[in-house]
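> Dropping a prediction and its sequence here:
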Amino acid sequence: MTVLSGKAIKRIVKELESLQQTPPEDIQVLANDEDLTQIEAWIRGPDGTPYQDGYFKVRLSLDENFPDTPPKGHFITKIFHPNVSPTGEICVNTLKKDWKPELGIEHVLLTIKCLLIVPNAESALNEEAGKLLLEQYNDYAKRARLYTSIQAKGGKPEFLQMEKERSMDTSKENATPSVLKPISELKRQGEGSSTEEKQVKKVKKSIVKKKALRRL
């Protein structure tokens, strides 16, 4: 089991709370209610790209050294993209040499979204996609649209439902979204423990009990 430091737990919870209050455009974040080190999100394919009208689920995996080390990015939804391997691994400098501890979850998700707009053929994990992007763009776009139409349509209902629920929450004046109170409790749970492992266990216990982070 990955054991996060108390400092990392507080930071992750704070970031998830912020993402719940003001989600980035075209991104909906889910939190694993049993493991804060596994963060999933839906990204809507940007307009004007071969990924338009697609809904792509991605996962960020955090290790025990986060935020000193970057999360690992992975596309769960199959996609034809130069910077995404056939198994879903994401190649982007933000997740490697350009990572800085001050960069957060939102920055990573926005970077992945930008990768759908501007692929980088020079750091291709999918050599076929990279070659087509450079030499036969129309064929690349056709293949990417085909993958999108077959693989990336199933997430639309969940994405739109999450979007609707958030819109309803923010429209209620003087109301605190139901997720925020448990998150505040999580912050308190992360304080006062004698060891980092106890902090993690307390946070997980709270999450399982409240079931409040199913959808962030």
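That came through fine.

> any chance you could map the strands in the protein?
Along the chain, the segments classed as strands by DSSP state E run 27-31, 38-44, 55-61, 72-75.

> Serialize those strands to TSV and add fields for mean pLDDT.
Output for these, formatted as TSV (pLDDT from 0 to 100):
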stretch	mean pLDDT
strand 27-31	89
strand 38-44	96
strand 55-61	97
strand 72-75	97
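
> got these as JSON lines, with distance to Lys10 and mean neighbour count columns?
C-beta: built from backbone N, CA, C; applies to glycine. Below are the strands of the chain laid out as JSON lines (distance: least, Cβ to Cβ, whole Å; neighbours: other Cβ atoms under 10 Å):
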{"stretch": "strand 27-31", "distance to Lys10": "15", "mean neighbour count": "22"}
{"stretch": "strand 38-44", "distance to Lys10": "15", "mean neighbour count": "22"}
{"stretch": "strand 55-61", "distance to Lys10": "18", "mean neighbour count": "21"}
{"stretch": "strand 72-75", "distance to Lys10": "21", "mean neighbour count": "19"}
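
> With distance to Trp99 added, can I get those in a markdown table?
A markdown table is the format used below for the strands of the chain (distance: least, Cβ to Cβ, whole Å):
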| stretch | distance to Trp99 |
| --- | --- |
| strand 27-31 | 20 |
| strand 38-44 | 16 |
| strand 55-61 | 12 |
| strand 72-75 | 11 |
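
> what are the ranges of the helices in this structure?
Here the chain has its helices, by DSSP state H, at 6-21, 105-117, 127-135, 137-151, 156-171, 180-189, 196-210.

> Redo those as a markdown table? Include distance to Lys97.
Formatted as a markdown table, the helices of the chain follow (distance: least, Cβ to Cβ, whole Å):
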| stretch | distance to Lys97 |
| --- | --- |
| helix 6-21 | 21 |
| helix 105-117 | 13 |
| helix 127-135 | 19 |
| helix 137-151 | 26 |
| helix 156-171 | 32 |
| helix 180-189 | 32 |
| helix 196-210 | 28 |
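
> Not counting sequence-adjacent ones, nearest residue to Leu134?
Using Cβ to Cβ, 6 or more residues apart in numbering and skipping the chain neighbours, the partner closest in space to Leu134 is Ala121 (4.9 Å).

> Which residues are in contact with Val58?
Going by Cβ atoms under 8 Å, 6 or more residues apart in numbering, Val58 touches Glu40, Ala41, Ile43, Gly73, His74, Phe75, Ile76, Thr77, Ile90, Leu109, Ile112.
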